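Student: Attaching a predicted model along with its sequence, questions to come.
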Amino acid sequence: MPIRITGLNSGLDTESIISALVSSYSYKTNKYKKAQTKLSWKQDAWKSLNTKIYSLYKNVGNMRYTSAYSMKTASVSDSTKISVTAGGNAVNGSYSIQVTSLAKAGYLTSAKLEKTDGTAVKSDTTLGELGYDGGSSKITINGEDIEISANSKISDVVNRMKEAGVNASFDEKNGRIFVSAKKSGAANDFTITTDGLDSAKALAALGLDTANGAKRIDGSDAEIWVNGAQFTSESNTFAINGMTITANAITGTTYDPTESNAVSTTVGVDAQGIYDKVKDFLSQYNSLINEMTSLYNADSAKGYEPLTDEEKDQMSDTEVEKWEEKIKASLLRRDNTLSGVMSVMTQAMSQGVEVNGERLYLSDFGIKTMGYLNAAKNEHNAYHIDGDEDDANTSGNTDKLMAAIAEDPDKVIEFMQGLSKNLYEAVDQKMKSTTLSSIYTVYNDKEMASEYSDYTTLISKWEEKLKDQEDYYYKKFSAMETALAKLNSQTSSLSGLFGSM
């Protein structure tokens with residue numbers, strides 16, 4: 001790079017002159033930089049929108065299947081005794097349920113521990129201080145041996161019990177050891193055994209000998225009767241015929257054939273669940289179609305282009321932000337790809353679905369758009385449910401959807417499956433991979449990436465041209481300045497010569 005000498009001798013504003021001389025190259029460079037920036041913003045806009053379209057696509061894909069609507073509800077006559085939830089495969093009908101026993105975990109509460117000297121018992125109290133005078137011995141919990149001696153502390157024994165697989169703790173305030181099984185049920189109960197006199201003495205010193213004041217509750221299973229059939233469980237929860245039944249309290253200690261104390265349970269279709277499923281789908285669709293409509297109908301940003309660093313320096317941060325937001329908001333205005341996606345979505349939603357020989361539409365279930373004249377700006381493609389309490393536009397109308405679900409849920413489900421299939425297949429066609437776009441992408445992401453790369457090459461090319469031109473002119477001006485410097489030096493010498501004569 002030549003030395004860039006400014007107009008020291010000529011007095012010229014070299015920087016400005018050269019800037020003007022290479023302005024066509026600067027313009028080209030900035031033009032492509034701005035175009036690349038705008039393309040980058042457009043890529044971001046499409047990526048964000050594509051994520052939302054793909055989310056809807058996956059949702060309607062699931063809604064094509066009956067399993068998406070397998071919602072059941074269960075009611076019980078006495079929730080203090082049992083609680084029931086119905087899975088999608090629960091059989092509709094009435095059930096009579098009796099609870100004859102609840103599951104319990106095995107539990108052992110020690111006798112109150114006392115030291116031989118009468119002082120308070122602490123966690124670090126040893127078995128010797130509790131009166132144990134035997135030698136080294138062991139007690140066995142769940143097959144795990146716990147070594148014990150007169151020097152063993154209560155805290156040591158409790159910790160080893162925990163390691164043996166039981167819950168164990170020492171309550172200093174009450175001076176008792178508490179031991180319980182990890183889980184309820186007879187099969188999950190714990191065992192404590194001794195193997196000799198010293199071992200028995202150690203157990204007694206710890207207050208865990210039931211013959212000397214310890215209280216033991218054996219682990220037991222829960223037992224319920226459903227429509228006369230007996231069921232047992234290690235816990236108080238039962239999985240029966242698609243229902244999850246939780247026993248909360250016993251209805252009687254033995255089965256009562258007259259079922260006078262039974263809790264009645266009714267399983268049926270969850271109408272509210274199906275309604276909410278439809279409503280949630282429409283909410284997602286509306287949010288997306290409204291955004292797409294707004295982007296397509298955005299105000300023009302004609303005359304606005306991304307700013308260069310120099311242009312930003314002449315504006316405040318707020319002005320720059322507003323300027324760029326104006327451009328970004330208009331990036332998909334009248335976009336043909338966007339128009340195509342919107343078109344297939346709205347057509348799929350307005351299509352009829354044949355159910356049992358009858359052609360049905362969303363409007364048959366009280367679901368329709370407000371139209372151009374009545375809808376808010378850019379919301380004319382959104383659907384509203386008559387009687388929806390959350391929708392001010394239609395909350396006062398008769399709720400035809402809930403009525404239809406209550407009358408014939410299968411009919412509504414079959415319709416929604418068909419509608420979802422139509423929408424899924426329409427969007428699926430837009431999401432297929434092509435030479436211009438990737439799979440699950442509705443816009444030409446491959447083409448945009450290639451175009452972005454081309455801009456990078458083009459910008460590099462014009463930046464090199466700009467640099468070469470600047471160097472060329474700086475070299476010329478440098479030579480001129482050098483020549484002027486010599487001329488000034490010669491003139492000065494001549495002036496000095498004549499001045500001395």
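Tutor: Arrived safely.

Student: I'd like the next helix or strand past the lowest-mean-pLDDT helix or strand in the chain.
Tutor: Least confident helix or strand, the chain: helix 14-21 with a mean of 70, by mean pLDDT, DSSP states H and E. Where DSSP states H and E defines the elements, the next helix or strand beyond helix 14-21 is helix 23-62.

Student: quick check: mean pLDDT across that next one?
Tutor: Per-region confidence: helix 23-62 scores 92 on mean pLDDT.

Student: and it, how far out from the chain's middle?
Tutor: 25 Å (Cα atoms, centre = their mean, to the nearest Å).

Student: Let's see the distance spanning stretch 73-91 from one end to the other.
Tutor: 11 Å (Cα to Cα, to the nearest Å).

Student: quick one, helices of the protein?
Tutor: In the chain, the segments counted as helices under DSSP state H are 14-21, 23-62, 154-163, 197-205, 271-296, 309-313, 317-329, 336-350, 371-374, 400-407, 409-430, 445-500.

Student: among the ones you listed, which is nearest residue 85?
Tutor: With Cβ to Cβ, the closest approach to residue 85 among the helices of the chain belongs to helix 271-296: 11.8 Å. No exception for glycine: its C-beta is placed from N, CA and C like everyone else's.

Student: Now that closest one: average pLDDT?
Tutor: In this model, helix 271-296 has a mean pLDDT of 97.

Student: now that helix, how far from the chain's geometric center?
Tutor: Computed by Cα atoms, centre = their mean, the chain-centroid distance of helix 271-296 equals 18 Å.

Student: Give me the helices and strands touching it, please.
Tutor: Where contact means 3 or more Cβ pairs under 8 Å, 6 or more residues apart in numbering; DSSP states H and E, helix 271-296 is packed against helix 23-62, strand 72-76, helix 336-350, strand 383-385, helix 400-407, helix 409-430.

Student: what is the orientation angle of it with helix 409-430?
Tutor: Computed by axes from the mean of the first three to the mean of the last three Cα atoms, to 10 degrees, the angle separating helix 271-296 from helix 409-430 equals 30 degrees.

Student: Now do the buried residues in helix 271-296.
Tutor: 271, 274-275, 277-279, 281-282, 285-286, 288-290, 292-293, 295-296 (16 or more other Cβ atoms under 10 Å).

Student: which residue packs closest to the spatially most central residue of the chain, ignoring adjacent ones?
Tutor: The residue lying closest to the centre of the chain (Cα atoms, centre = their mean) is residue 55, at 12.2 Å. Nearest residue to residue 55, sequence neighbours excluded (Cβ to Cβ, 6 or more residues apart in numbering): residue 284, at 7.4 Å.

Student: Quick check, that neighbour in contact with residue 56.
Tutor: Yes. Residue 284 lies in contact with residue 56 (Cβ atoms under 8 Å); the separation is 5.7 Å.

Student: State the pLDDT value of residue 146.
Tutor: Reported pLDDT for residue 146: 95.

Student: And for residue 399?
Tutor: Looking at residue 399, the pLDDT reads 96.

Student: cool, the one 3 residues further on as well?
Tutor: The predicted local confidence for residue 402 comes out at a pLDDT of 96.

Student: just residue 233 next, same as before
Tutor: We have a pLDDT of 97 for residue 233.

Student: which strand residues sit across from it in the sheet?
Tutor: residue 222 (DSSP bridges).

Student: For it, which residues are in contact?
Tutor: 103, 185, 221, 222, 224 (Cβ atoms under 8 Å, 6 or more residues apart in numbering).

Student: okay, now the third one: neighbour count?
Tutor: For residue 221, the tally of surrounding residues (other Cβ atoms under 10 Å) stands at 19.

Student: all strands for the stretch 101-250 of the chain, in order.
Tutor: 107-109, 137-141, 144-148, 167-171, 176-180, 192-194, 215-217, 222-226, 229-233, 237-240, 243-247 (DSSP state E, counting those that start in this stretch).

Student: Would you mind putting these into CSV with distance to residue 306 alongside?
Tutor: Rendered in CSV, the data for these read as follows (distance: least, Cβ to Cβ, whole Å):
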stretch, distance to residue 306
strand 107-109, 73
strand 137-141, 74
strand 144-148, 73
strand 167-171, 66
strand 176-180, 70
strand 192-194, 79
strand 215-217, 77
strand 222-226, 70
strand 229-233, 68
strand 237-240, 61
strand 243-247, 59
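
Student: Quick one, which of those strands gets closest to residue 318.
Tutor: For those, the distance to residue 318 is smallest for strand 243-247, at 57.5 Å, taking Cβ to Cβ.

Student: Measure how far that closest one is from the centre of its chain, please.
Tutor: The answer for strand 243-247 is 29 Å, by Cα atoms, centre = their mean.

Student: cool, stretch 113-123 as well?
Tutor: 55 Å.

Student: can you count the residues close to the residue lying closest to residue 163 once chain neighbours are set aside?
Tutor: Using Cβ to Cβ, 6+ apart and skipping the chain neighbours, the partner closest in space to residue 163 is residue 144 (7.2 Å). Residues near residue 144, counting by other Cβ under 10 Å, number 14.

Student: Likewise for residue 195?
Tutor: So residue 195, with other Cβ under 10 Å, has 12 neighbours.

Student: now do residue 386
Tutor: Around residue 386 there are 21 residues (other Cβ under 10 Å).

Student: pLDDT score for it?
Tutor: Looking at residue 386, the pLDDT reads 96.

Student: That one reaches residue 367, doesn't it?
Tutor: Yes. Contact criterion Cβ under 8 Å: residue 386 and residue 367 qualify, at 7.3 Å.

Student: Show me the common contact partners of the two, please.
Tutor: With Cβ under 8 Å, 6+ apart, residue 386 and residue 367 have common neighbours residue 401.

Student: Domain map for this protein?
Tutor: Following automatic domain parsing, the chain resolves into domains at 24-67+273-297+333-445, 72-103+221-269, 107-217.

Student: so how far is the shortest one from its chain's centroid?
Tutor: Same thing as domain 72-103+221-269. On Cα atoms, centre = their mean, the centre of domain 72-103+221-269 falls 35 Å from the chain's centre.

Student: May I have the distance across it, first residue to last?
Tutor: For domain 72-103+221-269, the end-to-end distance is 5 Å (Cα to Cα).

Student: Distance of the closest residue to residue 361 other than its chain neighbours relative to residue 422?
Tutor: Excluding its sequence neighbours, the residue lying closest to residue 361 (Cβ to Cβ, 6+ apart) is residue 352, at 5.1 Å. The spacing between residue 352 and residue 422, counted by Cβ to Cβ, to the nearest Å, is 9 Å.

Student: Check residue 200 too.
Tutor: Taking Cβ to Cβ, one finds residue 200 at 78 Å from residue 422.

Student: before we move on, what about residue 327?
Tutor: Where residue 422 is concerned, residue 327 sits at a distance of 36 Å (Cβ to Cβ).

Student: Please apply the same query to residue 431.
Tutor: 15 Å.

Student: more crowded one of these two?
Tutor: Set residue 431 next to residue 422 and count neighbours by other Cβ under 10 Å: residue 422 wins out with 20 against 17.

Student: quick one: low-confidence parts of this protein?
Tutor: Per-residue confidence for the chain (pLDDT under 70) gives these ranges: 1-14, 18, 21-23, 477, 488-501.
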